[in-house]
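**Q** Turn this into a structure:
(chains A and B)
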Amino acid sequence: MNINEIFANLDYGPAPEAKDMANGWLDDHGRKFGHFIDGQFTPHKKGFASINPATDEELAQISNGTRADVDKAVKAARAALPLWQALSGFERAKYLYAIARQLQKHSRLFAVLESMDNGKVIRESRDADISLAIRHFYHHAGWAMHVDNKFKGYSPYGVCGQIIPWNFPLLMLSWKIAPALAAGNTLVLKPAEFTPLTALLFVQICSEAGLPKGVVNIVTGEGETGAAIVEHPDVDKIAFTGSTEVGKIIRQTTAGTGKGLSLELGGKSPYIVFENADIDSAVEGLVDAIWFNQGEVCCAGSRLLVHESIEKIFIEKLKARMDKLRVGDPLDKSMDMGALVAPIQVQNIKKMLEQGKKEGCTIYEAKGDIPTIGSFLKPTLITDVSPSHSLVSEEIFGPVLVALSFRNPDEAVALANNTKYGLAASVWSENINLALDIAPRIKSGIVWINCTNQMDASAGFGGYKESGFGREGGAEGMVSYLKRDWEKKLKPCVLEPVRKASGVKNSSAIDHTAKNFVGGKQARGDSGYSRQVISTNGAMIGTVAEGNRKDIRNGVEAARKGLGWGSKPAHFRAQILYYLGENLDYRRQEFADRLRQLNGLSASVAKNEVDLSIQRLFAYAGWADKYDGAVHNVPIRAVAAAMIEPMGVVGIIAPQNFALLASISMLAPAIAMGNCVVLVPSDNAPLAMTDFYQVIQTSDVPDGVINIITGGSHDLAKTLAEHDGVDALWFAGDQAGSTMVEKLSTGNLKQVWTNLGKDLNWSDSEKFDGDYFLQKATQVKNVWIPYGA
Amino acid sequence: MSLNVRDMKSKNMAPKGGATSGSASSGKAVAKIGSAHQRNPGFELDLDWVDRIVMNRSALERRAATIGARRTVKKQYQAAWLLKAITLIDLTTLNSDDTNGRVRRLCAKAKNPVRRDILQALGANDLPIRPGAVCVYHNFVATAVEALEGTNIPVAAVSTAFPHGLTPLDIRLREIKASVKAGAKEIDIVIERSQVLNQDWQGLYDQIKAFREACGDAHIKTILGTGELATQTNVAKASLVCMLAGADFIKTSTGKEKVNANLVTSLSMVRMIREFYQKTKIEIGYKPAGGISSAKSALTYMALMKEELGIKWLEPHLFRFGASSLLTDIERQLEHQVTGRYAADYRQPMV
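**A** Just a heads-up that it's a prediction; the model follows:
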């Protein structure tokens, strides 16, 4: 086109980014790569091609990691551990700082290579992926300096196995590697098979930064390679980002092994626009929400929820905006959207759209052209849909937005939460009262007010529900790579055998009938069977209900009804906990006698257990209004508030020993943080907790906050673990039970804590008056609130 | 109380005849300049509409920050866009030490904005490369009109007690009339910022309406002094009130405020122009002024216009830069385009 023509039509024309440096780097390696183990590349072995999805051209041949390769890498990481951990925080900080600097120095090479390998536009790889990765290493250089002081009593896991997805290859790598190294771990990381190249360039940077060999190991491969990492017995922690489907498999595989686990999984994040929003800005925000990175973003705002009163005008404006989007060569600097990662991704999305069409959805595709070669899709909008359509419930992971409307704020919240996922949400309103009312009510790990897809190393990223657990970024992310020192020293517990009655009837004059405790009332068990309670000397001292599945169901239903507890002021919750303590104190002799009777304790030991139980209630009454959040220092003009929120319904399986104290030690932190509890007391000695009903009932505890079901703890644990209405489960018992509940938790990916069959000394106040269970009782929600008129 | 714009439309407020847009995208043809453009007839003040307007500064800033990153033009595209940019400049001198001689030199540059040899090398000899207007104080209108005789380059005058707008209203109205009488085809007026800060929309509306009447056939550009309006919502509301009162252009700044034109404010104003167009079908022009001195920033503004409003808004009857040194930088870039060597400003004829 000549200048005269362009003068008239004002086309943009091509603006290609050069790729010769990236090609040169690939050529230097002969376009064949091995793994990076123990500080050097292994020879290339048979594997698969890494392909540029915009051109369908092969970029390089990649090795497919075998179990032997993974084993070699884990051994290298293990061998490097003593040296790496012997370094001071400052020494480790220097390495992380050097990596950040090296990334910065080669930033364009990384950006171009990333765009070639993944298909994302160079503007995004340059301005988002690479710059955020650099920021991540800088931020965590600081954590390396301060981890010892800030996290006293913690130590690194050891060898971490890390598996990352293809949507942000280098950025996800940095989210995994930076905190792991800062905390003092070594690692084996597997990049996604579609996008291994920047990881292989990254290790070159590590070498340039002088990182000791074996600290960072990269094994490339497909799903099998990932499985080998997850299953490797000498890996101490698994960090995974990817699909919920694979996340669940990993949860099952690692069940009972004691491996640390953090999962960052799928999403179907709502994008809520109220009528009093800056509508044009909200439309523009959607470009960043769903057409950023071709929509291949786990936290993509993929479900538009718009106030019915502005729906028509909003959709009109949105379509007009979509028509302006430019889709094409990822290396063209004037493109809004590039290629999807691979043909299979395009095919899958087309299939989903076909299904949507069959279900009666209306599909709008942006007017602009897309290239005929390569994995491209048009920005797409789906209307005439409702929550029952598959396109609304399933994660599409592409440039496809579904649009629904709502009538009022309550319905907006209900629709937003009407999903198995809970990663992120956006709320658009110029009314700060409305926006800040909505944010806490959405079950997601991140809420962006009047913005979207904001991420920073200083603020935790991660989800609720089936979007996973654990956080990446900030202090909350560091915790995912640290373990309490004392947890590493625990020994297996010796189990008390099931007690057998010797036929001696206790002399109690009046029959005592202990039922279950559900919704604030004593409720007869569903089964109609009772369970004998036997003392340590074989005396039958009473009966309790033989709880079954339905009793658990009733308990969980009552607990869900009681969830308003979590939005009560912390001061109020503290008052209730103090009151529980006070009322238990009235009856301390009675409870001590009961413990002596049940477990044959000496007078002083029994008294001590009751006293400690009262102390525990006071401890968590004290914590209720003190275990709170933070405001993170993010690099935009915004308040990024890390709010501490309760998990929801917590199932608790108490151990056989410490019949009163162990239950109280878990119950108290759970309810202090605003959770509702379904508790299964010690199956040998449940009477200590059934006696506690009267303490609960005299302490103004709202109905449904505490529910207690007696019975066989393994059976009841199984039902709790499988229950989709239970958000977290704590199990203290044997190793087999620990493994079972972790395995069975995958239905809704509830967050599980177990003692792994280890012996816990519940009378140790240093451990159990502290924040150990508070961490497990809560999750962090980061609410981003940009400001400025 | 106030009449809705939609009702206004039904009372034959719709534009007569098509706008110029069609020709602009038709390839070879050089776009026609505003011949069939329908002037803003003015509308009743719709306070409900004004009330509904909200602008989120942070969101605007994020959008503004990506415009330059999302769009760029290279090689001959850049040259063509820069030549276009020249036609969008209100070549301006607004200094206390302006003289007739200074104004004549500016007009001479307006007549030959790019060195002949550069245009020739670009193959752009036949393109109508002339600035949109020459903009001066009232006292130099006659000088400029005389210097530009026969060129069709209009003279714009800043009136109404530029830059503060704080003299008696009748004096400001007389100033407008005097400038029109002296031959100014375009009048850049300044609003009273206090009316915006005090949310006196009726007062602002009445004043702009009076200015518009005083302008007669001369086009009126309303300078908002955005750097002194405190919030983006104020900027947007003031934009709307001016358009309802009959403004042909809305303009950011006098160039004398501490903060002049920027992309964030531009988004607020341009989006109001878009909303006004969607509701009334009347196209209002936009003029960012002050601080736009590099070719690169001019291209970013043009990309913003193209993205938010479409290329129709890259014609001089709907878009102007208030600038002077910008022209020299564009000339340098054009020379670089031709020679492949970086150019020096002292080798371009002085503005």
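**Q** Do a quick rundown of the strands in the stretch 1-150 of chain A.
**A** Listed in chain order, the strands of the stretch 1-150 of chain A (DSSP state E, counting those that start in this stretch) span residues A:32-33, A:36-37, A:40-41, A:47-52, A:57-63.
**Q** Give me the distance between the third one and the centre of its chain.
**A** What separates the centre of strand A:40-41 from the centre of its chain is 33 Å, taken as Cα atoms, centre = their mean, to the nearest Å.
**Q** Show me what it pairs with in its sheet, parallel or antiparallel.
**A** Based on DSSP bridges, the strands next to strand A:40-41 in the sheet, each with its direction, are strand A:36-37 (antiparallel).
**Q** same check, this time on the fourth one
**A** For strand A:47-52, sheet partners with direction are given as strand A:57-63 (antiparallel), following DSSP bridges.
**Q** got a list of contacts for the strand it pairs with?
**A** Taking Cβ atoms under 8 Å, 6 or more residues apart in numbering or on different chains as the criterion, the residues outside strand A:57-63 that touch it are A:26, A:29, A:31-35, A:42, A:44-52, A:69, A:116-117, A:193, A:196-197, A:220-221. In this view, the C-beta of every residue, glycine as well, is placed from N, C-alpha and C.
**Q** Using CSV, write out every CA atom in stretch B:102-119.
**A** Extracted as CSV, the C-alpha positions of stretch B:102-119 are listed here (Å, rounded to 0.1, in the frame of the first residue of the first chain):
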residue,chain,number,x,y,z
ARG,B,102,5.9,36.0,14.9
VAL,B,103,2.3,35.4,13.7
ARG,B,104,3.4,35.9,10.0
ARG,B,105,6.2,33.4,10.4
LEU,B,106,3.7,30.9,11.9
CYS,B,107,1.4,31.4,8.9
ALA,B,108,4.2,31.0,6.5
LYS,B,109,5.0,27.6,8.1
ALA,B,110,1.3,26.7,7.8
LYS,B,111,1.5,27.3,4.1
ASN,B,112,4.5,25.0,3.8
PRO,B,113,4.4,22.7,6.7
VAL,B,114,6.8,20.1,5.3
ARG,B,115,9.9,20.6,3.1
ARG,B,116,9.1,20.1,-0.5
ASP,B,117,12.0,17.6,-1.0
ILE,B,118,10.6,15.4,1.8
LEU,B,119,7.1,15.3,0.4
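**Q** ok, residues contacting that stretch?
**A** Everything outside stretch B:102-119 that qualifies as a contact, by Cβ under 8 Å, 6+ apart, is B:83, B:86, B:89, B:91, B:93, B:125, B:127, B:129-131, B:134, B:136, B:140, B:143-144, B:147-148, B:151, B:153, B:324, B:327, B:330-331, B:334-335, B:338, B:348-351.
**Q** Give the buried residues for the longest helix along chain B.
**A** Selection of the longest helix in chain B by residue count, based on DSSP state H, yields helix B:263-280. Using 16 or more other Cβ atoms under 10 Å in any protein chain shown as the test for burial, helix B:263-280 gives B:263-277, B:279-280.
**Q** quick one: average confidence on it?
**A** When pLDDT is averaged along helix B:263-280, the result is 98.
**Q** Tell me the first helix or strand C-terminal of that helix.
**A** strand B:285-287 (DSSP states H and E).
**Q** re the thing from before, using CSV, please lay out the strands of the stretch 1-150 of chain A together with mean pLDDT, distance to residue A:760 and mean neighbour count.
**A** Rendered in CSV, the data for the strands of the stretch 1-150 of chain A read as follows (pLDDT from 0 to 100; distance: least, Cβ to Cβ, whole Å; neighbours: other Cβ atoms under 10 Å in any protein chain shown):
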stretch, mean pLDDT, distance to residue A:760, mean neighbour count
strand A:32-33, 98, 47, 20
strand A:36-37, 98, 38, 25
strand A:40-41, 98, 44, 14
strand A:47-52, 98, 46, 19
strand A:57-63, 98, 45, 19
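**Q** Would you format those as TSV with distance to residue B:60 included?
**A** Listed next are those as TSV, based on distance: least, Cβ to Cβ, whole Å:
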stretch	distance to residue B:60
strand A:32-33	45
strand A:36-37	45
strand A:40-41	48
strand A:47-52	36
strand A:57-63	39
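**Q** What is the burial count for residue A:766?
**A** When counting by other Cβ atoms under 10 Å in any protein chain shown, one arrives at 9 neighbours for residue A:766.
**Q** Weed out the non-buried ones from the contacts of stretch B:102-119.
**A** Neighbour-count burial (16+ other Cβ under 10 Å) applied to those gives B:83, B:86, B:89, B:91, B:93, B:127, B:129-131, B:134, B:136, B:140, B:143-144, B:147-148, B:153, B:324, B:327, B:330-331, B:334-335, B:338, B:348, B:351.
**Q** if we can go back for a sec, the buried residues of helix B:263-280: which ones sit near chain A?
**A** On the criterion Cβ under 8 Å from any Cβ of the partner chain, B:271, B:274-275 are the entries of the buried residues of helix B:263-280 that sit beside chain A.
**Q** Contact partners for the residue nearest the centre of chain B?
**A** Centre of chain B computed as the mean C-alpha position; nearest residue by Cα atoms, centre = their mean is residue B:287, 2.3 Å away. Going by Cβ under 8 Å, 6+ apart, residue B:287 touches B:90, B:188, B:221, B:249-252, B:319-322.
**Q** from those, which single one is nearest chain A?
**A** For the contacts of residue B:287, the closest approach to chain A (Cβ to the nearest Cβ) belongs to residue B:319, at 11.5 Å.
**Q** Tell me how chain A divides into domains.
**A** Using automatic domain parsing, the domain parsing of chain A gives A:20-50+A:57-264, A:269-476, A:499-636+A:646-767.
**Q** Just put those in CSV and tack on distance to residue A:9.
**A** Supplementary listing: the domains of chain A in CSV, determined by distance: least, Cβ to Cβ, whole Å:
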stretch, distance to residue A:9
domain A:20-50+A:57-264, 23
domain A:269-476, 15
domain A:499-636+A:646-767, 37
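**Q** Of the ones you listed, which is nearest residue B:342?
**A** Shortest separation from residue B:342 across the domains of chain A is recorded for domain A:269-476, at 20.9 Å, computed as Cβ to Cβ.
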